[in-house]
Every structure is written in C-alpha cells, then in structure tokens.
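**Student:** coords please:
(chains A and B)
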2 protein chains.
Amino acid sequence: MDFIEGLKPGPEFDRIRSFVGAVRSEAVGVRVPPGDDAAVLEWTDGLVVLTSDAFVEGVHFQRAWSCWEAIGFRAAAGALSDLAAMAARPVGVLVSLMVPPETEERTLIGLGEGFGECLRRYGAGLLGGDLTHSTEALAIDVCAVGATEAPLRRSGARPGDEVWLTGAVGGAAAAVHAWQRSLEPDPRATAAFEAPAARIDEAIWLGENCRLTALIDVSDGLAGDARQLAAASQTRLAIDLDAVPLAPPLSEYAQRGAALRIAMAGGEDYELLFCSEPGSVDAARAAFEGRFGVALTRIGRVERGVGIAWTSASGSILPADLDGYDHFEGARGR
Amino acid sequence: MDFIEGLKPGPEFDRIRSFVGAVRSEAVGVRVPPGDDAAVLEWTDGLVVLTSDAFVEGVHFQRAWSCWEAIGFRAAAGALSDLAAMAARPVGVLVSLMVPPETEERTLIGLGEGFGECLRRYGAGLLGGDLTHSTEALAIDVCAVGATEAPLRRSGARPGDEVWLTGAVGGAAAAVHAWQRSLEPDPRATAAFEAPAARIDEAIWLGENCRLTALIDVSDGLAGDARQLAAASQTRLAIDLDAVPLAPPLSEYAQRGAALRIAMAGGEDYELLFCSEPGSVDAARAAFEGRFGVALTRIGRVERGVGIAWTSASGSILPADLDGYDHFEGARGR
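**Tutor:** Sure, this is the predicted structure:
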C-alpha cells in the first residue's frame, strides 16, 4: 500500500505503518489509497452515505475493561452500525487516532488488528485518516462511507405502524454494569461488549423485503433511541416493556424490572429498531430469522402524539425512569 | 434543518443545536441532512475525495491563545486544506466534537460560528457529525468530502521538475513561537494563525493551467512536508533556503537563519508546495498572482535521490537541523 511505501521515516510514521499494517482491509474502487493528503474513490452515480462516530477513552471505553483488539473492533462497529441504520452498504472508513505520546507500537497494532477484523467482516476498506498525539486519553474518530439507492430514515414512522427490534438488548450493558461494580461480567456479556454486530445485511434485507417506514440503530440504549425515532417522525411510540427481548445474562435475571433498567439505559448493542407498515414484517419474519439467525420481535406500535408511552402488564419498571444515555447528563437509569 | 427539528430534548441535543445553529452552512445535493444516523449525498459520477483531520486541545490549539471562533475556523481550514492539496473542490464536512462535560453553550456557539465562517468561505456544507463528552481536553475531528475529476497527488514529481510554493510561510509559526515564550505576537502573525487560508481555488487553477506533477499542503511545516513529497515521489528535492519566502514578521527579522528555523519547523500555514514541468508555471505566474493576490515562488528543483538537499549560498541555517513537526518526536527546529 502507498500508505506504507510513500511515507517518510520518523516515529509518527512508524506508528501509522504499525496501525495500517495491522488493519489489512482495502476498499474497492480506490483511485488514491491512504498516504496522500486525502483518499480518492471512484463513484458511479447514486447516493453517498457519510457518518462519523467518536470513541473516547474514559467515556466509551476503559483500558481496564478490554484488550486493544476489542477496542479497535468496537470503534469500527459503532460507525458501521450508523450505515446499517440507513440501510447502506459500507465502502470504507477514515480513522483519526488521537493517542498519548507514550503509546506503544503494540497498542497501535492491537487497535489495528481489531479495527481491521471488523472492517473485513462488513466489507469496508481503510481509506485514510490522521494520527496525532493527545494529551492524556486515547480517542478514535471513525468516519464511515457507504452506498445505497434507498436510504431508510428515522423520520418516516406513521401512526398505525408496528415497532420492531432485531435480536436482544442489554448484552453490552450487562458487562458495563458489572465492571462499574468491580465484578467480573458473565462471559456472554463480555462477548457482546467486545465484538458487537453491525446489522448491515439485516438492514438491507429488511429494506428490500418489508415495508419499513423508519429505522435507527440502538447505540445509546433502546429507551433513548426510541425517543429519537419518535422525535424525528413526530409521532409517539407505544412500547410494551414486557415484549422487549433481553440478552443473556439479563434474560435470566429473576427481577425483570432491574434487568430492563440496565438494558434500556445502557447502549452499544447496535441492534436495529424500526417501524413498518402493519403485517409486512410478519410475512417475511421466518425467512429473515432463518437467513440471519437473528430474532425479530414486535415490541410496540406507533401512535399520534410525542415521545414514548411505556406499557407493562406486569408493571415491572417505572416508565418515568427510562431514558437513554445523554453525554451531558449521564444515563438516568444507571 | 432537520438536525435541529428532529432531535429529542436533552442537554446533549441542546449543545448540538447550539453548534449547528451557529454554523449556518448547508451543502448542495443533500438527500438526508444532519440529524439522522448518517448524511446522504447525491453523487453523479466522478471521484469522491475524503480526508480527516484531528485538532486537539493542548496539541493543535490552546484556549489561552485564541477565541473559540478562531479555533473553530482553524479546525475547518485544516481539513479543507487537505482537499486543496488534492486540487479538489469541497462539498461538505462531518465534525466530531469531543468536549469536556462542563463545556458551556457559548463555547459551542463560538466554535460553530468560526467553523461555519470557514465552511462558507470555501463553499462547504455541514453534513453531520457526532457530539460526545471527553474527559479533559476538547478535540475536534473534521472529515472533509470533496469532488474532483483530476486529483493531484504527492507522488508524481520527477527529476528535472521545478519546486514551487504559494504565498509565504511562517506566519502561524511566528505566533506560536511568541506564545510559547509568553510574548504577545505581532498582529500579522496572530491573524495568520487565527484565520489561515485553504488554497482551494488556487490549487484547482494551478491544476488546470500548469503542468503540475505533485502537490501537497504545508500543514506540518515546509521542511517536513517537502520530505513527505520527496518520499512519496521517490525523488530528492533540492531546496534553496535563500529563496523560501517568509511571512511577516519573520520576513523582517535581521537574522534570517533564526527566522527560517521558526518558519520551517512550525506548521499550519496551509500554503501549497508543488512540483511542475519546467517552464509551465513561469508562463502562468502573472495571471495567477493577478487573480489571487498570492505570490508564486520557485524554491528548488527535483533530483534523483532521496530526501531533501538544502542549499543556501548565504549559509544562513544548518540543513541537518531541519525537519517538520513529528507528533511523536516534536519539532527538531523548535
């Protein structure tokens, strides 16, 4: 790659070489690869989808909680999940690495290996980026580029639509909940936290096979992201808390109310929350679940109004307590 | 803008509204504006140019040195200059803001105003981004998207080509040099530091009117970036230090050697360094200078070999001391 061959010597560029060498993921249609002032990509008609997602030490991750490979993987997955939330196919990513001056080469290699593993899994290439030092915390900002002919927005939900969720929520949150209390998480929670799935193929399939009206990924917690979708669509979402599928180990908790609280306030599950015309998902559900091995669960309906109406026949949780993670407030449920 | 209308309430989203409201710059051809999971841009055939540029407190800027408007302007200019360095026209940017929790609304508004002023100056729209809190320092990562039919790379310089520079270098470096010594900079240096020009139109004009073989922007200092161009082109650049034009107040220093040292190790001038076939710039130079009010200066030639050969008839500076800013080594010349 030019990125490696065309750079001058020096410690900064040695670190770039270490990271890029570990990523090993190239995009298709690249006219100018990483290493120049900018990347250049051939594009033949259609829509370019662009998102950026920052991942900051002490906020989104802690060194003590996982290895650098897992941190790199999660940084990539977070940005790619935003493409899934538009039903777009990934093309590539730019990555800005802000790392403390004392950062060792093996840290960059670990980050690059995990980052590249995620990119390759979802067919994204490394297009370019920036490396700079930071004063203290390590931060990774990923800009992801995708393509689609039919983007799915947050804003199309209409009263009468159904509300659906892929998979189950709370796996990553259960791990964080344990670490924050100095406990060792259940291995299934650790796995959910370390290598979250970006639902790329699932989103595209749903867009092609069901009549979706709105789509978002659950990155800041189901409670908060449901609120985003409702606000963008200028509708109310009535969500049945008893129907929300929880990931293990939360699904095994005796106290479902406490488990729900952890799941819905925590983020980084990257499942898809979407609205669809009535009946259109039921008809395709078996085919979806057979193809992807991921459950589709109807968790509510769209109504006139604003915000979220939480319902629970079992009365397991106080609806007023539920909100997503707000970076300037903290999660109310935590 | 949907960005403002479609977001749920809450302190995080109030801060996004403050920033975006202050930016006031929209891109052309936007299918999905900021506020959804990703931005979507219509694209009709051609090349997409992509770059990311991180701007970190304590590394690239200090609160004490300038107002938030200037910090926002410089963050945008740095990324747009990378598009200039490919002879690409800006389309828009994504911005990831990582800000300490106690950040006030007026900080976000100031940043947004300066950022937007730069975007509007160069015809770029705000496409989207991310807001998250950081633990301590404020960081801004800008991903810029541009378009071109004819990208100019760093790697095309051939022996016999001429080496040219737009404008003059060292304005921003002179300001930093003063601040680092607790001195008040010359007002011309402060101005150069606070609102650097991205040479977008100049680069496109040069690409169309001269036979350029390689192009880079001088963002890490002329010495370091000349070395990058030489490495990418697998040639040597012979640069005449006596010919390098210095910006005021460095141009007025009695000791040219000391002034050169400051200018060439410091960065963020964003002038263009380029190589061209012999004679092709001379023929167009008067037209360029008349149109843009920016000088073109021939500072050297391309030779067989590697690295940089510094020459100086006046012997004003030790060539061995010259290198650019390396984020993991610091500038040798400082």
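**Student:** could you give the backbone dihedrals for A:A232?
**Tutor:** phi -70, psi -30 (degrees, to the nearest 10).
**Student:** and A:V281, that's in a helix?
**Tutor:** No. Going by DSSP: H, G, I helix; E, B strand; the rest coil, the assignment for A:V281 is coil, not a helix.
**Student:** and it, how many neighbours?
**Tutor:** 21 (other C-beta atoms under 10 Å in any protein chain shown). C-beta: built from backbone N, CA, C; applies to glycine.
**Student:** what's the pLDDT at the residue lying closest to it once chain neighbours are set aside?
**Tutor:** Of all residues not flanking A:V281 in the chain, A:C210 sits nearest, at 5.0 Å (C-beta to C-beta, 6 or more residues apart in numbering or on different chains). Reported pLDDT at A:C210 in the predicted model: 97.
**Student:** so what does A:C210 have for phi and psi?
**Tutor:** Backbone phi and psi, for A:C210 under degrees, to the nearest 10, turn out to be phi -130, psi 160.
**Student:** residues contacting it?
**Tutor:** A:276, A:280-281, A:283-284 (C-beta atoms under 8 Å, 6 or more residues apart in numbering or on different chains).
**Student:** out of the helices and strands in chain A, which is least certain?
**Tutor:** None of the helices or strands of chain A scores lower by mean pLDDT, DSSP states H and E than helix A:2-5, at a mean of 45.
**Student:** neighbour-wise, which one of the contacts of A:C210 leads?
**Tutor:** A:S276 (24 neighbours).
**Student:** B:M264 versus that one, what's the distance?
**Tutor:** Applying C-beta to C-beta, to the nearest Å, the value for A:S276 to B:M264 is 61 Å.
**Student:** same deal with A:A79?
**Tutor:** 37 Å.
**Student:** roughly how far does A:A147 sit from B:A309?
**Tutor:** In terms of C-beta to C-beta, A:A147 sits 45 Å off from B:A309.
**Student:** which two in the contacts of A:C210 are spaced the farthest apart?
**Tutor:** Longest distance between any two of those is 10.4 Å, between A:S276 and A:A283; criterion C-beta to C-beta.
**Student:** how about the helices in the stretch 201-334 of chain A?
**Tutor:** A:222-233, A:256-265, A:285-292 (DSSP state H, counting those that start in this stretch).
**Student:** for stretch A:292-307, how far is the first residue from the last?
**Tutor:** End-to-end span of stretch A:292-307 (C-alpha to C-alpha, to the nearest Å): 31 Å.
**Student:** which residues touch that stretch?
**Tutor:** Identification of contacts with stretch A:292-307 by C-beta under 8 Å, 6+ apart yields A:157-168, A:199, A:201-202, A:205, A:227, A:230-231, A:233-240, A:243-245, A:275, A:281, A:285, A:288-289, A:309, A:311.
**Student:** let me see the contact set for A:W65.
**Tutor:** A:175-176, A:179, A:193.
**Student:** mind checking pLDDT for it?
**Tutor:** 91.
**Student:** where does it sit: helix, strand or coil?
**Tutor:** Quick answer, by three-state DSSP: A:W65 is coil.
**Student:** how about low-confidence regions in chain A?
**Tutor:** The model of chain A has pLDDT under 70 over residues A:1-6, A:316-334.
**Student:** neighbours around the closest residue to A:V244 other than its chain neighbours, how many?
**Tutor:** Among residues not flanking A:V244 along the chain, A:I299 sits closest, at 5.5 Å (C-beta to C-beta, 6+ apart). Here the count is done by other C-beta under 10 Å, and A:I299 has 21 residues near it.
**Student:** cool, the one 10 residues further on as well?
**Tutor:** Here the neighbour count serves as a burial measure; for A:A309 (other C-beta under 10 Å) it reads 16.
**Student:** break chain A down into its domains, please.
**Tutor:** A:2-148, A:162-321 (automatic domain parsing).
**Student:** which one of those lies closest to B:K8?
**Tutor:** The closest of these to B:K8 is domain A:162-321. By C-beta to C-beta, the value is 4.1 Å.
**Student:** so how far is the closest one from its chain's centroid?
**Tutor:** Domain A:162-321 sits 12 Å away from the centroid of its parent chain (C-alpha atoms, centre = their mean, to the nearest Å).
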